[in-house]
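K.L.:
The sequence and its predicted three-dimensional model are supplied below.
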Amino acid sequence: MKITGRVRLETSDGQVVEGENMVVNGGRDIFASLIADNTGTRPTHIALGTGTTPTTLTDITLENEQGRNAIASTSSSSAVVTWKAFYGKSDLNGNTISNAGLFNASSGVTMLAAFVLASTIAKTSSISITITWTLTLADT
């Protein structure tokens, strides 16, 4: 079984940045635990940061994490799981958002997946950001 993912960040002023994420080793372990015996902790938060280093399988934190908000909704259908989180107009202002991470806690680790944006988002008080994170379970 292969786990693939996509992340979409959409701002209230119409900017959209999306692409494929990497499920890191910690995420693979958590998802395996959830499938095997339901002992893993499900994703609960999506973080945004200002890091630009490409994600590696061994990453356990999000480079230059600036904030971590709770997942607002979760759904699943046809082997696709979707999580959504929201950053309001008063969140993370003054940051140039360049990466995102999927986490199973409000602080600390474990990071399950990460994404480096192809183009950055200059976060100001005039925009909010909606993040949609999807993981697809598929044949190899």
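P.N.:
Noted; the coordinates are in hand. Just so we're clear, the structure is a prediction, and the values are computed from it rather than from any experiment. Numbers count the residues shown, from 1 in each chain.

K.L.:
quick one: least confident helix or strand in this structure?
P.N.:
Taking mean pLDDT, DSSP states H and E as the measure, the helix or strand of the chain with the lowest value is helix 25-37, at a mean of 81.

K.L.:
And that helix, what does it pack against?
P.N.:
strand 2-11, strand 111-122 (3 or more C-beta pairs under 8 Å, 6 or more residues apart in numbering; DSSP states H and E). Any C-beta I mention is one placed from the backbone N, CA and C, and that applies to glycine too.

K.L.:
Which SSE is immediately downstream of that helix?
P.N.:
Next along the chain after helix 25-37, taking DSSP states H and E as the criterion, comes strand 45-49.

K.L.:
in stretch 59-76, what counts as buried?
P.N.:
59, 61-63, 65-66, 68-69, 71 (16 or more other C-beta atoms under 10 Å).

K.L.:
I figured Phe103 hits Ile46, correct?
P.N.:
Yes: taking contacts as C-beta atoms under 8 Å, Phe103 lies within contact range of Ile46: 7.2 Å.
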